[in-house]
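Colleague: quick check, what structure comes out for this input:
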Amino acid sequence: MFTRTKTFANKDGTTRTYLQLVANERAGGKVRQRVLANLGRLEELRSGPLDRLMESLAKFSRERWVMEQAREPLRAKRARSWGPALVFRGLWEEIGLSAVLGGLVEASSAQSDFEEAAFAMVLNRLLDPASKLKTSRWLKTIHRPRWQGLDLHHLYRALDFLADHKDEIEPALYARVRDLFSLKLDLVLWDTTSTYFEGRAAEGLAEFGHSKDHRPDRVQIVVGALMSRDGFPIAHEVFPGNTADIDTFRHTLGKVRERFHLGRVILVGDRGMVSEKLLGEIEAAGLQYIVGVRMRRLKAAEAVLARAGRYREVAPNLRVKEVVHGEARYIVCLNPEERERDRRVREEALAKLREKLAAGEAKQLIGNSAYRRYLKLVGAGVEINEAAAEDEARLDGKYVLRTNSSLDPEEVAQAYKSLWQVERAFRELKSGLDLRPVYHWTEKRIRGHVMICFLALVLEMALRRKLAALGEDVPYDDLLSDLSELRAVELNLDGRRCLVRTDLVGQADLAFRAVGLRPPPHITEMPSASANPAPECSGT
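Modeller: The predicted structure is shown next:
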């Protein structure tokens with residue numbers, strides 16, 4: 001069916017035009033047009049009746065009518081971001097956070113919806129990290145009706161709630177994601193970072209200590225993360241800023257089995273966590289470990305590195321050999337590319353040393369840490385220590401691991417390399433998720449803030465895994481940018497309240513497919529604010 005005009009000539013030479021409703025019909029193998037209705041003279045219809053007719057027909061073709069009306073920009077009430085809230089809320093519910101937090105809220109008889117407040121803060125961490133004050137304003141830029149009642153004090157109270165229930169949330173969350181993503185905790189990765197504070201902070205938690213941000217002039221906290229061998233976040237801990245890495249490791253040992261009901265577990269730690277006393281405690285706890293060792297401080301380094309044996313290739317840039325010295329098992333790892341780089345750097349340093357010594361600049365070299373290891377005092381003068389240079393050459397491209405596990409050398413080396421997943425997670429935590437600077441000054445709020453960052457990291461990793469399962473290799477930041485372009489536009493059309501979504505752009509559809517959701521319909525009915533329901537406005 002369609003409309004057409006029919007023009008007739010008057011006797012005085014003028015014309016008159018009629019608007020007709022017609023339909024195509026096939027008769028005798030030919031298509032003919034049949035007039036269904038004569039709607040009237042076009043010039044008379046244009047004076048008002050045509051608009052009333054179209055409005056009357058709109059209830060039988062709602063989407064077309066609304067889309068036509070939406071072209072009038074002054075009719076749009078507001079446009080809010082919608083895409084990320086839909087996708088991450090789907091993940092939030094799938095991994096069980098909605099059920100876990102909702103159950104805890106119900107059990108506590110809390111009056112506030114802490115679960116929605118927590119989701120709001122987590123989404124802000126993922127999209128536009130800000131202080132809680134700014135987050136309370138940011139909520140109004142997102143289309144999620146459940147947030148209409150959220151205010152700043154709800155966010156603060158939700159932080160307290162998360163801090164109080166952290167030890168209940170993490171095991172319940174792990175039980176869900178373990179099955180969802182087929183996680184195994186036979187091998188866990190542990191690493192720490194520090195994050196500093198500007199201004200005042202919680203005494204007893206924020207303390208001066210070894211700063212990995214290179215800000216020894218600021219008080220800080222230490223955050224440790226426990227992750228699966230393939231980099232999925234399992235748990236985290238917050239420590240006073242003056243806690244040594246070894247002590248964080250020791251503290252975590254007592255909680256790993258208790259909280260996650262693990263059988264065999266292998267802890268993987270960086271070189272800063274090694275001490276004979278600590279390794280003894282790990283073994284006494286019935287746990288296994290893989291740790292990096294500082295070769296220059298290892299008493300057995302010479303014997304370990306000098307032990308004869310052939311390297312086995314694990315990857316193009318990784319070769320390994322096993323050495324047992326005393327009662328300890330070591331894995332010597334060699335990266336051929338790093339060996340060549342180390343050799344080149346050392347030879348360039350020695351060449352510069354010889355030039356400076358020849359120019360009589362010996363005194364300036366003693367205080368230079370890059371040169372000092374290659375120098376020795378001879379009487380009142382300074383000479384190149386050739387023996388030290390040869391010792392350094394033996395370390396080119398190598399690092400040594402120590403383990404009490406029964407894993408093959410190749411598995412030990414690969415497990416240690418997996419530690420970069422934790423390090424990358426910390427970079428995300430402190431940059432993209434904006435752990436630093438921390439905008440809270442009480443211990444409970446600080447712990448709640450770190451919990452929000454941790455949950456945001458869990459959601460990010462979950463989405464990355466979902467995308468990988470589709471076989472799609474799309475830059476994560478680009479995906480979020482495309483997803484953020486999906487907006488909800490509120491329209492008020494002569495008493496009708498409608499929600500019109502913008503079109504999907506770029507890779508946004510991938511995010512919906514990854515989490516098993518369909519994008520919302522182009523047009524959605526909105527409840528009427530009045531006592532009498534507004535005319536229905538819906539579509540696909």
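
Colleague: which helix is the longest one in the chain?
Modeller: Longest helix in the chain by number of residues, with DSSP state H as the criterion: helix 152-180.

Colleague: that one packs against which elements?
Modeller: Where contact means 3 or more Cβ pairs under 8 Å, 6 or more residues apart in numbering; DSSP states H and E, helix 152-180 is packed against helix 97-108, helix 114-127, helix 132-138, strand 233-240, helix 245-260, helix 443-469. C-beta: built from backbone N, CA, C; applies to glycine.

Colleague: which stretch in the ones you listed has the least confidence?
Modeller: Least confidently modelled of the helices and strands packed on helix 152-180 is helix 245-260, at a mean of 77 by mean pLDDT.

Colleague: quick revisit: okay, the helices and strands packed on helix 152-180 in TSV with mean neighbour count and distance to Leu334 next?
Modeller: Formatted as TSV, the helices and strands packed on helix 152-180 follow (neighbours: other Cβ atoms under 10 Å; distance: least, Cβ to Cβ, whole Å):
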stretch	mean neighbour count	distance to Leu334
helix 97-108	17	44
helix 114-127	24	40
helix 132-138	17	49
strand 233-240	22	31
helix 245-260	17	26
helix 443-469	21	30
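
Colleague: now the most centrally placed residue in the chain. Nearest residue, chain neighbours left out?
Modeller: Most central residue of the chain, judged by C-alpha distance to the mean C-alpha position with Cα atoms, centre = their mean, is Glu460 at 3.3 Å. Spatially, and ignoring its direct neighbours in sequence, Glu460 is nearest to Leu126 (6.5 Å; Cβ to Cβ, 6 or more residues apart in numbering).

Colleague: list the contacts for that neighbour?
Modeller: By Cβ atoms under 8 Å, 6 or more residues apart in numbering, the residues touching Leu126 are Pro84, Phe88, Leu433, Ala456, Leu459, Glu460, Leu480.

Colleague: repeat for Ile234
Modeller: Counting by Cβ under 8 Å, 6+ apart, Ile234 touches Glu170, Tyr174, Leu183, Leu185, Val188, Leu226, Met227, Ser228, Phe260.

Colleague: ok, now Gly83?
Modeller: Contacts of Gly83 (Cβ under 8 Å, 6+ apart): Leu483, Ser484, Glu485, Leu486, Arg487, Ala508, Ala511.

Colleague: part of a helix, is the first one?
Modeller: Right, the one you point to is Leu483. Yes. Assigned with DSSP: H, G, I helix; E, B strand; the rest coil, Leu483 falls within a helix.

Colleague: distance check, it against Phe232.
Modeller: Relative to Phe232, Leu483 is positioned 22 Å away (criterion: Cβ to Cβ, to the nearest Å).

Colleague: please apply the same query to the second one.
Modeller: According to Cβ to Cβ, Ser484 and Phe232 sit 25 Å apart.

Colleague: isn't Val291 up against Leu279?
Modeller: Yes. Applying Cβ atoms under 8 Å, one finds Val291 in contact with Leu279, separated by 7.4 Å.

Colleague: between the two, which contacts overlap?
Modeller: Between them, Val291 and Leu279 have Arg402 as joint contacts when contacts are counted by Cβ under 8 Å, 6+ apart.

Colleague: and those two? which has more neighbours close in?
Modeller: More neighbours sit around Val291 than around the other of Val291 and Leu279, counting by other Cβ atoms under 10 Å; the figures are 23 against 18.

Colleague: can you pull the contacts of the more buried one?
Modeller: Applying Cβ under 8 Å, 6+ apart to Val291 gives the contacts Val268, Gly269, Asp270, Arg271, Met273, Val274, Leu279, Leu401, Arg402, Thr403.

Colleague: hey, what's it bridged with?
Modeller: Beta bridges link Val291 to Gly269, Arg402 when assigned by DSSP bridges.

Colleague: and stretch 340-348, average pLDDT?
Modeller: Summarised as a single mean, pLDDT over stretch 340-348 is 91.

Colleague: and the pLDDT for Val438?
Modeller: According to the prediction, Val438 has pLDDT 58.

Colleague: for Gly397, same thing?
Modeller: Note for Gly397: predicted pLDDT of 91.

Colleague: that one: how many residues sit nearby?
Modeller: Other residues near Gly397 come to 17 when the count uses other Cβ under 10 Å.

Colleague: surely it touches Val332?
Modeller: No. No contact is recorded between Gly397 and Val332 when judged using Cβ under 8 Å, the distance being 10.7 Å.

Colleague: now do the same contact list for Arg445.
Modeller: For Arg445, the contacting residues are Tyr156, Leu159, Asp160, Ala163, by Cβ under 8 Å, 6+ apart.

Colleague: what lines up beside the one helix or strand Gln33 maps to in the sheet?
Modeller: For Gln33, the element it lies in under DSSP states H and E is strand 30-41. Using DSSP bridges, the neighbouring strands of strand 30-41 in the sheet come out as strand 15-27 (antiparallel).

Colleague: could you export the strand it pairs with as PDB, CA atoms only?
Modeller: Listed next in PDB are the C-alpha coordinates belonging to strand 15-27 (Å, rounded to 0.1, in the frame of the first residue of the first chain):
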ATOM      1  CA  THR A  15      -5.400  22.200 -11.700                       C
ATOM      2  CA  ARG A  16      -6.600  20.400  -8.700                       C
ATOM      3  CA  THR A  17      -4.700  17.500  -7.000                       C
ATOM      4  CA  TYR A  18      -6.200  14.700  -5.000                       C
ATOM      5  CA  LEU A  19      -4.300  12.300  -2.600                       C
ATOM      6  CA  GLN A  20      -5.200   8.700  -3.000                       C
ATOM      7  CA  LEU A  21      -4.400   5.500  -1.100                       C
ATOM      8  CA  VAL A  22      -3.700   2.700  -3.600                       C
ATOM      9  CA  ALA A  23      -2.500  -0.900  -3.700                       C
ATOM     10  CA  ASN A  24      -0.800  -3.000  -6.300                       C
ATOM     11  CA  GLU A  25      -2.800  -6.100  -7.400                       C
ATOM     12  CA  ARG A  26      -1.900  -8.800  -9.900                       C
ATOM     13  CA  ALA A  27      -4.600  -9.800 -12.400                       C
END
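
Colleague: so where is the stretch 101-250 of the chain shaky, pLDDT-wise?
Modeller: In the prediction, the stretch 101-250 of the chain carries residues with pLDDT under 70 at positions 198-201.

Colleague: 90 - rerun?
Modeller: By pLDDT under 90, the low-scoring segments of the stretch 101-250 of the chain are 106-113, 129-132, 148-149, 178-220, 224-233, 244-250.

Colleague: repeat that for the stretch 351-500 of the chain.
Modeller: For the stretch 351-500 of the chain, the stretches with pLDDT under 90 are 351-395, 406, 411, 414-443, 472-474, 490-500.
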